[in-house]
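Here's my sequence, what's the structure:
(one chain, ligands or ions: 1)
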Amino acid sequence: MNPLHQVIINKNTNRKPVWIMRQAGRYLPEFREIRKQNPNFIKLCLNENLSTKITLQPLQRFNLDAAIIFSDILILPYGLNQKVEFEKGFGPKLGDVNIEEMLRLNEESFVKKINPIYNAIKKVSTSNIVKNKNTIGFVGAPWTLLVYIINQQSPKKNLKKDFFKNKTLIKKILLVLDKFLKIHIKNQINSGANIIQIFDSWAGLLEEKDLPDYIYLPTLSLVNYVKSLNTPVICFPREIKNYKKFCETVKPDAVSIDYNVDPIKILNDIKIPIQGGLNPKILLSDKDTIKKETKKYLDIFKDHPYIFNLGHGVLPETDPNIMDYLVKMVKDY
Ligand code: 1CP
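All right, here's what the predicted structure looks like:
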């Protein structure tokens, strides 16, 4: 059984597998080289040879236990024919929503538009480098995608005041998202992804009262769907106030925690396998601090099924040698 399945399915506590959110990306000079020659980010995601190569880059350098496919959560609105562009120094810029067109869209045209991603997953999952390791497919959670689709850019800290103004539109978008996220998940699994992670990067923006409508119910629908395909699902409800309530309600197979979560408290609160936690900023400090902080997580989760990862994506300023140091330390623990 591959490393993440041992932890998530068999609840093995002897091995602490490791992968890193955003492990393929901007902190790697070999990625930046490819990126320089490919200014259109979406096009790069849809270039199956290059996205396969980028996905494998961190595994060639470090002894990681999983590959996460080089793509983006915003490929989904792109597949729904919303304009999606990434502007240097600004982030994602999305076009206006044509909800009637989204409601009319059929599975075939959606899949055709983003098909290179599935081909890349086939290549990655059958490559020698990933043999006996995991291939992680992913999607953005309905809530986080709704945020980008309506806000048309990163919300950074807060939502616009009138975000919830058009409730009918929101309902329709959530309906479309449920349908096409399931299609996207199914195709990733059929192409060789053997774990799905659901990124809810903006879960922390919501008040308690809005969680059932925007997070619990839509995410539960996806989680149940992934389970029905006999594939483990990891949820990352970043900065949600109550991880315990989230886990009890949505019941993912594993949960990824952000760096504000107290690891000792979460260990007492929840029984399912846990992933992540270390603040990515720690990797910008000295080796002694990195060692101490990493060991803290490994010690706390010593007798719990635990996958080592960060509490959010690795920062672009991170030194690849430090990543090497980190992965080796986890492996030698
Ligand atoms: O400029 C560049 O080179 C592009 C940078 C980049 C990269 C490398 C973006 C733009 N996306 C990605 C890849 C990516 N994104 C992966 C690939 C696999 C990996 O190595 O992990 C994954 C899993 C994502 C997921 C993603 N995209 C999330 C969820 C996780 C998180 O970080 O919270 C989100 C929110 C996005 C949106 C996104 N993609 C890129 C940007 C600049 C943003 C906006 C972030 C924001 O709104 O602040």
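
Report the rounded mean pLDDT for stretch 106-120.
What stretch 106-120 shows for mean pLDDT is 98.

actually stretch 143-161, not the one I wrote
92.

First-to-last residue distance for it?
17 Å (Cα to Cα, to the nearest Å).

cool, stretch 91-99 as well?
End to end - Cα to Cα - stretch 91-99 spans 23 Å.

same check, this time on stretch 214-234
End-to-end distance for stretch 214-234: 18 Å, by Cα to Cα.

cool, and stretch 81-91?
Start-to-end, stretch 81-91 (Cα to Cα) is 19 Å.

could you give me the average pLDDT of it?
On average, stretch 81-91 scores 94.

which residues touch that stretch?
41-42, 74-75, 77-78, 92-98, 101-102, 105, 113, 149, 153-154 (Cβ atoms under 8 Å, 6 or more residues apart in numbering). For glycine as for every other residue, the C-beta is placed from the backbone atoms N, C-alpha and C.

Tell me the residues on the stretch 101-250 of the chain that lie near the ligand, please.
Residues of the stretch 101-250 of the chain found near the ligand, taking Cβ under 6 Å from any ligand atom as the criterion, are Phe138, Ser154, Phe199, Ser201.

Quick one: buried ones out of the contacts of stretch 81-91?
Among the contacts of stretch 81-91, those buried by neighbour count (16 or more other Cβ atoms under 10 Å) are 41-42, 74-75, 77-78, 92, 94, 97, 102, 105, 113, 149.

Leu177 belongs to a strand?
No: judged by DSSP: H, G, I helix; E, B strand; the rest coil, Leu177 forms no part of a strand; its state is helix.

Roughly how far does it sit from Ile73?
Per Cβ to Cβ, to the nearest Å, Leu177 is found 11 Å from Ile73.

now do Val250
Val250 is 18 Å from Ile73, by Cβ to Cβ.

can you check Ser125 too?
In terms of Cβ to Cβ, Ser125 sits 20 Å off from Ile73.

between these two, which one's more packed in?
A direct count of neighbours by other Cβ atoms under 10 Å for Ser125 and Ile73 places Ser125 higher, at 21 against 18.

List the contacts of the more buried one.
Ala67, Thr135, Ser191, Gly192, Ala193, Asn194.

repeat that with 6 Å
Thr135, Gly192 (Cβ atoms under 6 Å, 6 or more residues apart in numbering).
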